[in-house]
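[1] from the sequence below, what's the structure:
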Amino acid sequence: MIAAGNAGDPASGDDALYRPGSFENYQTFGLGTLPADAFATADRAFHDDVQAWLAGRLPYDALVPHRDRLGLDLRPHHDGRRLLPCEVALADEVLADMVEDEVPDLGVQTERITSDPFERPSVGVLAALAWIDDLVGNRRAVDAWMEDERDPRLVAAARRVDRAPPCLYVDGVPQLPLSGRMTPASGPPGIYVARAYRLGEGWAFSSRVDFPRLPDVATLTRRLQVEGWRLRTRERRATWEDVLRQRSDVLYRAVAEGSRLKFAAG
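    Numbering: from 1, shown residues only. Got it, this is the predicted structure:
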């Protein structure tokens, strides 16, 4: 599946290919000022410039006119829903097992999380893959697992963890913007990306991947903002938390890349 890619994000795979935005969604929820042919032209130009920016051929500022013309800004949009508590924990080992059972070409797929084709995946990396579209019909390993799992409490936990947006944490404190209703009261020490979810009266962290250094948060935020603009070409109701959920592979590998840069710099 990792075939196309981009020189600046080689593990992006088919995500580097052009997927047309939704003109219908633009008319209904966007500015609605462009006719269909102008929208299609602007949408394709935006995609091409994003790929050029990722490859280092364009500055970030070159993307801002596209954002404004297509009406893609994310700043006012947070998910206001609250996270419902789970009765039982959804262990990363359970998620890792379902990925090993369901995901083909596992060695290739882990690169979408680690951005390193030679890194042996941890349990946390495999757990993170459970939430990524990589099966036939854009299904996820967790979706296939829920169809067969007989413990309703585990299925309910999976559905509730699914709503929890992954985020970069330092000692349980989110380093990215996050809805207050989805922000944990506390968390374990360390630098990690994980999904903080409610467990009984407290919080637990799913799909946790640890990192040796904190990446540059401003660079990471900008990368995710661009992913948010890309997502909103198809769905302008998408919130910031939707970006974290639906572009979770970008979050994990961007943190991995940034952490390695900081580690190499000492």
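
[2] only C-alpha atoms for contact and neighbour calcs from this point on.
    Noted.

[3] where along the stretch 151-266 of the chain do the strands fall?
    For the stretch 151-266 of the chain, the strands defined by DSSP state E, counting those that start in this stretch cover 166-170, 173-174, 191-199, 202-210.

[4] and the ones you listed: which comes nearest Ala62?
    strand 166-170 (27.0 Å; CA to CA).

[5] now that closest one, how far from the chain's geometric center?
    Distance of strand 166-170 from the chain centroid (CA atoms, centre = their mean, to the nearest Å) equals 12 Å.

[6] Arg160 touches Glu87, doesn't it?
    No: counting by CA atoms under 8 Å, Arg160 stays clear of Glu87, with 10.4 Å between them.

[7] run through the helices of the chain in chain order.
    23-29, 36-54, 64-70, 92-102, 106-109, 111-114, 123-129, 141-148, 152-163, 217-232, 240-246, 248-264 (DSSP state H).

[8] count the neighbours of the closest residue to Gly200 other than its chain neighbours for me.
    In space, and not counting its chain neighbours, Gly200 is closest to Pro85: 5.6 Å by CA to CA, 6 or more residues apart in numbering. Counted with other CA atoms under 10 Å, the burial measure for Pro85 works out to 18 neighbours.

[9] need the pLDDT of Pro85.
    Predicted confidence (pLDDT) at Pro85: the value is 97.

[10] same question for Gly8.
    Reading off the model, Gly8 has pLDDT 82.

[11] distance of the closest residue to it other than its chain neighbours from Ala16?
    Nearest non-adjacent residue to Gly8, counting by CA to CA, 6+ apart: Ala55, 4.1 Å away. With the distance defined as CA to CA, to the nearest Å, Ala55 ends up 11 Å from Ala16.

[12] between the two, what contacts are shared?
    Contact criterion CA atoms under 8 Å, 6 or more residues apart in numbering; residues shared by Ala55 and Ala16: Asn6.

[13] so what does Asp151 have for phi and psi?
    The phi/psi pair for Asp151 (degrees, to the nearest 10) reads phi -90, psi 110.

[14] for it, list the residues it contacts.
    So Asp151 contacts nothing (CA under 8 Å, 6+ apart).

[15] Pro166 touches Ser248, doesn't it?
    Yes: under the criterion of CA under 8 Å, Pro166 is in contact with Ser248, at a separation of 6.7 Å.

[16] those two: which is more packed in?
    Neighbours around Pro166 and Ser248, counted as other CA under 10 Å, are more numerous at Pro166. The numbers are 31 against 25.

[17] that one pairs with what?
    As for beta bridges, Pro166 partners with Arg195 under DSSP bridges.

[18] give the contact list for it.
    193-196, 244-245, 248.

[19] and the furthest pair within those?
    Ala196 and Ser248 (13.5 Å).

[20] counting neighbours, what do you get for Val94?
    Residues near Val94, counting by other CA under 10 Å: 16.

[21] and Trp240, by the same measure?
    Neighbours of Trp240 using other CA under 10 Å come to 22.

[22] test my guess that it contacts Glu227.
    No: distance between Trp240 and Glu227: 10.0 Å, which falls outside the contact criterion (CA under 8 Å).

[23] circling back to that earlier point, more neighbours, Ala55 and Ala16?
    For Ala55 versus Ala16, neighbours defined as other CA under 10 Å are more numerous around Ala16 (21 against 14).

[24] relative to Leu154, how far out is that one?
    35 Å.

[25] any weak-confidence spans in the protein?
    1-5, 76, 135-137, 263, 266 (pLDDT under 70).
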